[in-house]
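**Q** Build me a model:
(7 chains, ligands or ions: 5)
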Amino acid sequence: MTTNSESNQNTVPVREMIEEKKKSRNLSSVTEKLVPTILFLFAMISILTTIGIIWTLFSETVEFFKRVSMTEFFTGTELNPLSQNPDFGILPLLNGTIMSSVIAMLVAGPIGIMAAIYLSEYASDRVRRVLKPMLEVLAGVPTIVYGFFAFTFVTPIIRSIWPEVGATNILSPGIVMGIMIIPMIASLSEDAMSSVPNSIREGAFALGATRLESTFKVVIPAALSGIIASFILGISRAIGETMIVTIASGSSKNFTFDLTQSMQTMTAYIVEVAGGEAPAGSTIYFSLYAVAMTLFVFTLIMNLLARYVSRKFREEY
Amino acid sequence: MKYLDLKQVQKRLNTRIVKNNILQYIFLLATIFGLIVLAILIFRVFTQGIGFINLDFLTGRLSTDANRAGIMGAILGTFWLMVVVIPITLIIGIGTALYLELYQKNGRIQSFIQTNISNLAGVPSIVYGILGLTIFVRALDFGNIVLAGGLTLSLLVLPIVIVASQEAIRAVPQHLNEASYGMGATKWQTIRRIILPAALPGMLTGSILALSRAIGETAPLTVIGIPALIIPFPEGIFDKFTALPMQIYYWTLDSSLVDEYANLAAATIIVLLLLLFILNSVAILIRNKFQQRY
Amino acid sequence: GSEEDTENESSGNTSADNNEEQESESSSDESSEPENEELEGSVVIDGSGTVYPLMSVLAEEYMLNVQQGVSVEVSRSGTSAGFEKFLVENGTDFNDASRLIKEEEKAKAEELGIDVKELKLALDGLTIVINPENTYATELTEQQVIDIFLGEYTTWSDINPDWPNEEIQTYGPNENHGTYEFFYENILEEQDLVESANLQQNYSTLVTLVAEDPNAIGFFGFGYYDNNKDKVRAVKIDFGEGPVEPSLDTIAEDGPYANFTRPVFTYLNTVMAKEKPQVLDYAIWVMENVNDFAGEAGFAPIPEEEAEQLANDLKELK
Amino acid sequence: MSLSTVQESITKESPKAAENIVFDTRDLNLWYGETHALKNINLAIKERDITAIIGPSGCGKSTYLKTLNRMVEMIPTVRTSGDIKYNGKSILNKGFKVEDLRTRVGMVFQKPNPFPKSVYENVAYGPKIHGIRNKKILDEIVEKSLRDAFIWEEVKDRLKENAYGLSGGQQQRLCIARTLAIEPDVILMDEPTSALDPISTLKVEELVQDLKQDYSIIIVTHNMQQAARISDRTAFFLNGEVVEFDDTETLFSNPTDQRTEDYITGRFG
Amino acid sequence: MSLSTVQESITKESPKAAENIVFDTRDLNLWYGETHALKNINLAIKERDITAIIGPSGCGKSTYLKTLNRMVEMIPTVRTSGDIKYNGKSILNKGFKVEDLRTRVGMVFQKPNPFPKSVYENVAYGPKIHGIRNKKILDEIVEKSLRDAFIWEEVKDRLKENAYGLSGGQQQRLCIARTLAIEPDVILMDEPTSALDPISTLKVEELVQDLKQDYSIIIVTHNMQQAARISDRTAFFLNGEVVEFDDTETLFSNPTDQRTEDYITGRFG
Amino acid sequence: MVRENFEDKLQVLKQQVLIMSEMAKVSLSQSLLALEQQDQTQAQSVFDQDNKINQIEDDINDQAIWLIAKEQPVAKDLRRLVMTLKVTNDIERIGDLAVNIAKSVLRINNEELPVEKQQVLTTASVVEQMIDLVTEAYVEEDLEKAFEIARIDDQVDRQYGDSIQKMLTYMTQHPSHISPITQLAFISRYLERAADHTTNIAEAIIYLVKGKHVDLNN
Amino acid sequence: MVRENFEDKLQVLKQQVLIMSEMAKVSLSQSLLALEQQDQTQAQSVFDQDNKINQIEDDINDQAIWLIAKEQPVAKDLRRLVMTLKVTNDIERIGDLAVNIAKSVLRINNEELPVEKQQVLTTASVVEQMIDLVTEAYVEEDLEKAFEIARIDDQVDRQYGDSIQKMLTYMTQHPSHISPITQLAFISRYLERAADHTTNIAEAIIYLVKGKHVDLNN
Ligand SMILES: Nc1ncnc2c1ncn2[C@@H]1O[C@H](COP(=O)(O)OP(=O)(O)OP(=O)(O)O)[C@@H](O)[C@H]1O
Ligand SMILES: Nc1ncnc2c1ncn2[C@@H]1O[C@H](COP(=O)(O)OP(=O)(O)OP(=O)(O)O)[C@@H](O)[C@H]1O
Ligand SMILES: [Mg+2]
Ligand SMILES: [Mg+2]
Ligand SMILES: O=P([O-])([O-])[O-]
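**A** Numbering: from 1, shown residues only, chains lettered A, B, ... in the order given. Ligands and ions are numbered 1, 2, ... in the order given. This is a model prediction of the structure:
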């Protein structure tokens, strides 16, 4: 060892070299100051986006309410924007939106959570490594494809089983939306459950618990906040989903709870009204913003709720 | 004193185990359910559309005549959209992530921006469409050109890229930064030499996934207004365009006008799904190849 | 004469073989035209979904075989929605319409200084369709149709006791569409449709709905029926002279189906036409060739002279 | 103190009346896929003894411990040969129900792993899954277990609070209480103090020595002094083999095998 | 050995020729937000000494260490008062460039934290960021640093491999080599062996004692025997205060303060 | 409280040291009683006791070493255990000295001891007191008492010098008594050594408390 | 190789023990030379040496205790350190005995020692050999040599018994010589004790190697 340190002593005057280079450091100090500013500007873009969304929606919505009263809008059960005596009640749209979301969650909720349980608790590593990405493919399929699928495949099947169901109805897109949301709920719930440390599971097994017991009595309670959050996000996703309902649910502005009927959601209404090139200036045009605003507020509340839940009930392990 | 009666415990044990075993299969079934649907969907789309896929279809121009219709215009439209979306989301997304994770780690500003981003991620895509329509198409008077659509989609997927990049940065262990600072490195040196190289695979993976999302998005484009018939190929980001999902949408709608349109829609779906499949495979490849163990 | 016949035939069985022929014919048309100058730029068309099939075929033909440098974009938000887009500063060049322009719309145009030129393109027969399973209501009188949509009958047996006691389901395009307005204004004479009418934005949806509902009765343009003859059945209407089946032959302003026949138009913004040569050129070309394509798209042609007259009017704008 | 009592207290404690073997391991081999992790293990572990297992990292200590309650099976690639008899019954054949085994053989882990529930629910968890529903009995079990784990005084006023509010040492004792609640015969402990600070470590060690009255305890530890301090017998593992198994005092004062001596005196590697 | 030389060797090593103070801490106070983490610290740390810092968890050891190279500033809520002089210069005022300080004062962390790069790139990182680009010089620096960290022989054939392929002990020595590459005066070590097995721990300890020839070393450790084994002087921290700072032997044999005695004999709490 | 176990074990060890020193004192008393009464059987019993003392010494030492091995003591704890090793050595020596005295008593047999026997017995009782005192000092870790031992030891040394002188003088005058008196001189020497050993113990106590070596033996 | 540092320190400690035992042997030799030559100044130098021996004992003990504190030794390592504490104690006692011999030599002064002086000196040389032998045994950790010590010790004990007997007889016959002969008897006793101490060291070596206590002293 001593020979090493001797032989290498001062062959490379690292320290001097470093001291020397230090003088040429000014350039880098400029970079150091500039970089945060640039990055800050980038970060501002997301803020601008939000401001843009809110400003756009809000200013036009205000215009809309100058023409149509709030009460009519929020309590009206009739929506006939183009008729000679137009009605602008949003309730049919809310009704359609809620119906489709509820159906979607009835499909996605139980199946998603069961899939999450299977993947997180029962599947071996290898099986999970295969199944989970495959399931996530479901989430990656464009919604237009689901719409096509719902309209050309699922609806006819449902109708062959249950003839009452209309060719456009809320049931079929609801179900397909549910299928689309399954991976989201499965994946988020699985993440929540997987982040429950294995040591806790082992603790349960060591007490003689079966896998089912460890899952329902330990893992799920521990991951509950994450699971609830995944449900809320699933609902939010269902509310915001557009193409499936646009294609498969028709555009009747029915205010009904009959699953077999065609209904229109808020999103589908926006597509309809915007059509190709939405005509500026008319009441219909402004109604689009009012509906969009309502939609935005709905999903915002859902997202904030999901965040709150997952914050509030997060367990520290 | 014994509280547990071993005999009782034994007796209960059998039912407990049986319950567990039965439910295990139900859970498996639930997991596979989604996959079965996926398989049916793919099978159906393929059987319906595969016969229509040929070179002419892929390279042909759009036409009202189902036999002549091709989707090159839509493919190019999607391509040009990506030309807009990729650089914008990568630069702004990674930049924002770096800012949030490394320059404004704590405090009000960070949590404000963070909340804002996670809310943006949950805003329905159709609302972005309205934003794009109002701002890019109308206020900035771009019209319904690629740039307007691309910017709209960029804003739409930006939160995904930001969050993915943040996660990638966070996955770089703090102790690596400490090590770098501990040797007298400046912040930017540390970012450039340690954090970015380590986080890049994760960022790319996230970005590619965001891109797939952008490619498949239809709703914002329907709001922005894509003509149902547009035959010339877009040659740049200032041209009007149509995109693959829009074409699927129109053909699905018009299938009552011309039956074969449904098949064309199916064929286009196949092309779109293949494109997404390739992108996702690339993402997975990147993830597996560059995954770091710390 | 002979050209027209070929077109009509080909509309019945659209086949690839005919395309080439058609193209060569068109190009011969083109060569007969004096103007050979290369145009470029875009022509923006929006408006009626009913007119869309005709207009898109025309646009495609124009782009492919007449002026490759011009991009004709055809959208179809509906007649009314289209007008709103048409009647603004820098609006669309054409607005397709399945009804006549309204007074308010005219007033708006004047206000904006837009000089609108009405171009009649073809004739559409409003077709009343029922489910193919419905074998009883294949013939209805004009009044019966009106009453059905006004909600005078709730069940089929109300019309004819021999018919099933099933609730009648009425379908139609929604208020966005000129077809609706024509039906509402010209046939129902501005009486409100029955409450329960299922009004859809998309014709494809509408076709499917009628095709799948045994108790359905709906209305839309002949073109949509023509393409879905296997799915829906057209009702023969008795206008007092015996049941008439809608067809390209019966649909005419003075034909047996005249009561349910309406012209379809496109409105040209002549200000735009003067500014953009390709717009005017396209307009002229359309009026010179529209009758060759009307049948293919499910429309009956307008009288040749009327078309020529309009074409000549347009040429004067140059 | 009279001289004679002194004399008695000096002579070593007399061997226990019945020296029952609780776990008898015969020619146990275990593979993780291709890795031969345990090689021909033969160990007879006595009842009401504290048996320590020491050895360098990766020598198979944890693996052996987890084989005793078949937790090792949770890794899918594991294969075993040979036999382990628990109170005379072979536990390695598939017919033997693991849940049953695990109610008899409790386990305490390296990192305290309470459930993210209240202190009370943590302890009541085991009895509950085994079918005890009666609130009064549960209360009794919880109190007794917490008392036995020397933690009752510290937590009796916060039974309803989340267990993660406790300190690391308290959490570990809570985990021990949780194990006691199902009244096992044997308690396996895998480095139960390695995540704890020195003070908590000593408390847990004292608890372990106290539990010896009623339980057979097998404890894996990296800390040789800990093995010396608290165990009656110590097994030294090396590369998946048992090099030496003897009374703790003998093993640490006068080991037979040179490798043992090298290891305990820190001359290894 | 003659008697006289023995006599000499028995008397304590004579104090070093020049007893320079490398870090002089005066009345240092530090707050994390409201937490008063360091209270009136006064410590004079000598050059070419190994100074150990011991104390219970949370007493401020790491905080103090991180104050010496101002890494503590990475936490935004931190406030300090008082003064630390490094070779006579106050380092706490904002004018002092932290990057400079940190090239003089290296740091080794609790968990080995090599960069996810090759062994070579790990060591070359420091010289590179400080502007040394010449490949030959870099080669030399890398070899020398690895030799000085006693790890050259083990890694010389795998310089291009990823550092994460090394064992924990090797990784830690690599991290030390990485620090040596920028030739600091002082090396701060925060529990450098707490993540290592006993054998690797001993290797690192020996390395540390060897480095004493050329560097001043300040080492935080939970392991009192380690402090006793390797350090010249030891400071005992408690609740953010320095309770006792003395020659290691004195502190561990005959501490002045009862709290020190209680802590080192394990009677704390 | 922490380290109870260790504290308990230290306490047990201390108890055993006390028992051992009690045994050594008993041995010494018996041997002196034998001297006083010139009783052979009394002397014999001292030999038996010695074996027990040796055994308890080994046990205590084993326990102390085992505690060092397993408890890693430092500072006072370590000194306490190391001191225990030293102290038992000294106590054992006191026991040995009792044996030596008993042997000398056997050699003296029934022969007359005309001089100094009383003086020796007086010294002996002082030594016994010293043992009691040092035991107290040990229990209480009392420095005062430890230093007190040193002072008493000086006194014992002086008495021993006087006695030897007197005995030599007497022997010169009464050669017939040389043999028993020589034995008595040895006994005197043994007592002086026993006192030295108590002083050693006192030194050990001082080392325990102070952590510093003092030499009380000069 | 690991624990080099500790091994080095143990080696240093061993060296110091050897030096210390060398010093004790030198003391003893000097005191005996003083006896042989009845040389007062020679005797004086023994006293000086003793201080040094005491000091080196304290140092060695401190180091051993410090090593125990910081290296947490177990098994043989621990026994080696504990044994060092015991061995230095015995060596120190041998040094003390040399002082005692020197004191006796001073008391004898120039008086004649007609009997047994040679015998005592012979025994003394045996004891010196024992010290050498036990030192070798210590260095080599050789059990054979350790047991050899015990055998030689028995021999020394016998010689001591004979010598005392002869001296007593002589004194009875020559009362005028009582004083110096008594001193010689004491010297004889001191040598016997020195031999005992080497035997203790031998016991310690056996304990070190075997981990078991043996009693060689009977
Ligand atoms: N899940 C596993 N898959 C493959 N090999 C494993 C697995 N778990 C452990 N091993 C291997 O088995 C051997 C024994 O591991 P085990 O965990 O029992 O060691 P250990 O003695 O407990 O070590 P430590 O002291 O580090 O906890 C090691 O070589 C290890 O690499
Ligand atoms: N980032 C921080 N924010 C707030 N308080 C902190 C922070 N880091 C440390 N503290 C507090 O400062 C005090 C000292 O912490 P420090 O990490 O220096 O302790 P330590 O002695 O190194 O402990 P350990 O031995 O556990 O590493 C503790 O009370 C701790 O809770
Ligand atoms: Mg382990
Ligand atoms: Mg710390
Ligand atoms: O018997 P001693 O201890 O004085 O040799």
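**Q** only C-alpha atoms for contact and neighbour calcs from this point on.
**A** Will do.
**Q** Leaving out chain neighbours, which residue sits closest to residue 104?
**A** Just going to use chain A. Counting by C-alpha to C-alpha, 6 or more residues apart in numbering or on different chains, residue A:178 is the residue found nearest to residue A:104 once chain neighbours are left out, at 3.7 Å.
**Q** could you do chain F instead?
**A** Closest to residue F:104 by C-alpha to C-alpha, 6+ apart is residue F:183, at 5.5 Å.
**Q** In three-state terms, label the residue of the stretch 151-300 of chain A found nearest chain G for me.
**A** Relative to chain G, the nearest point of the stretch 151-300 of chain A is residue A:199 (32.9 Å; C-alpha to the nearest C-alpha). Three-state call for residue A:199 (DSSP: H, G, I helix; E, B strand; the rest coil): helix.
**Q** Tell me how many other residues crowd it.
**A** Here the number of neighbours of residue A:199 (other C-alpha atoms under 10 Å in any protein chain shown) works out to 17.
**Q** go on, residue C:58?
**A** 23.
**Q** What are the neighbouring residues in contact with the closest residue to residue C:177 other than its chain neighbours?
**A** Excluding the flanking residues, the one nearest residue C:177 by C-alpha to C-alpha, 6+ apart is residue C:78, at 4.8 Å. Counting by C-alpha atoms under 8 Å, 6 or more residues apart in numbering or on different chains, residue C:78 makes contact with C:46, C:47, C:48, C:49, C:97, C:176, C:177, C:178.
**Q** change it to 6 Å
**A** C:47, C:48, C:49, C:176, C:177 (C-alpha atoms under 6 Å, 6 or more residues apart in numbering or on different chains).
**Q** repeat for residue D:92
**A** Per C-alpha under 6 Å, 6+ apart, neighbours of residue D:92: none.
**Q** repeat for residue B:100
**A** By C-alpha under 6 Å, 6+ apart, the neighbours of residue B:100 are residue B:110.
**Q** For ligand 1, what's the nearest residue on chain F?
**A** Chain F approaches ligand 1 most closely through residue F:70 (19.9 Å), counting by C-alpha to the nearest ligand atom.
**Q** Helix or strand for residue D:31, just tell me which one.
**A** Using DSSP states H and E, residue D:31 sits in strand D:21-32.
**Q** Where does pLDDT dip in the chain?
**A** Defaulting to chain A. Applying pLDDT under 70 to chain A flags residues A:1-12, A:22-28, A:82-84, A:275-281, A:313-317.
**Q** The intended chain is chain C.
**A** Within chain C, the stretches with pLDDT under 70 are C:1-36.
**Q** And the helices in it, which stretches?
**A** C:2-12, C:16-32, C:52-61, C:79-86, C:103-112, C:142-150, C:156-159, C:178-182, C:203-212, C:222-226, C:270-275, C:277-293, C:304-316 (DSSP state H).
**Q** Check chain F too.
**A** Using DSSP H, the helices of chain F run over F:4-37, F:40-71, F:75-108, F:117-140, F:143-173, F:178-210.
**Q** how about JSON lines for the ones you listed, with mean neighbour count and mean pLDDT added?
**A** Formatted as JSON lines, the helices of chain F follow (neighbours: other C-alpha atoms under 10 Å in any protein chain shown; pLDDT from 0 to 100):
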{"stretch": "helix F:4-37", "mean neighbour count": "20", "mean pLDDT": "91"}
{"stretch": "helix F:40-71", "mean neighbour count": "20", "mean pLDDT": "90"}
{"stretch": "helix F:75-108", "mean neighbour count": "24", "mean pLDDT": "91"}
{"stretch": "helix F:117-140", "mean neighbour count": "19", "mean pLDDT": "91"}
{"stretch": "helix F:143-173", "mean neighbour count": "19", "mean pLDDT": "90"}
{"stretch": "helix F:178-210", "mean neighbour count": "24", "mean pLDDT": "91"}
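**Q** Redo those as TSV? Include distance to residue G:131.
**A** TSV is the format used below for these (distance: least, C-alpha to C-alpha, whole Å):
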stretch	distance to residue G:131
helix F:4-37	29
helix F:40-71	24
helix F:75-108	21
helix F:117-140	32
helix F:143-173	29
helix F:178-210	23
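**Q** closest one to residue D:266 among those helices?
**A** helix F:40-71 (13.2 Å; C-alpha to C-alpha).
**Q** And that closest one, what does it pack against?
**A** Applying 3 or more C-alpha pairs under 6 Å, 6 or more residues apart in numbering or on different chains; DSSP states H and E, we find helix F:40-71 packed against helix D:224-230, helix F:4-37, helix F:75-108.
**Q** need the ones you listed in a markdown table with distance to residue D:242, can you?
**A** What follows is the helices and strands packed on helix F:40-71, written out as a markdown table (distance: least, C-alpha to C-alpha, whole Å):
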| stretch | distance to residue D:242 |
| --- | --- |
| helix D:224-230 | 16 |
| helix F:4-37 | 30 |
| helix F:75-108 | 33 |
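**Q** and residue B:47, which of those helices is closest to it?
**A** helix D:224-230 (69.3 Å).
**Q** So what's the gap between the closest one and the chain middle?
**A** Distance of helix D:224-230 from the chain centroid (C-alpha atoms, centre = their mean, to the nearest Å) equals 14 Å.
**Q** rewinding a little: so which of the helices of chain C comes closest to ligand 1?
**A** That would be helix C:203-212 among the helices of chain C, by C-alpha to the nearest ligand atom, at 57.7 Å.
**Q** now check the closest one, is it near chain B?
**A** Yes - using C-alpha under 6 Å from any C-alpha of the partner chain, helix C:203-212 reaches chain B at residue C:204.
**Q** That helix near chain A at all?
**A** Yes - judged by C-alpha under 6 Å from any C-alpha, helix C:203-212 and chain A are in contact via residue C:209.
**Q** Please identify the buried residues of that helix?
**A** Buried positions in helix C:203-212, judged by neighbour count with 16 or more other C-alpha atoms under 10 Å in any protein chain shown: C:203, C:204, C:205, C:206, C:207, C:208, C:209, C:210, C:211, C:212.
**Q** Quick check: which element contains residue A:245?
**A** Residue A:245 belongs to helix A:243-248, assigned by DSSP H and E.
**Q** That helix: what's the following helix or strand?
**A** For helix A:243-248, the succeeding helix or strand toward the C-terminus, using DSSP H and E, is helix A:266-274.
**Q** Helix C:79-86 and that next one, what's the angle between them?
**A** Orientation of helix A:266-274 against helix C:79-86 (axes from the mean of the first three to the mean of the last three C-alpha atoms, to 10 degrees) gives an angle of 70 degrees.
**Q** excluding its backbone neighbours, what's nearest residue C:258?
**A** Spatial nearest neighbour of residue C:258, chain neighbours left out: residue C:252 (5.7 Å); criterion: C-alpha to C-alpha, 6+ apart.
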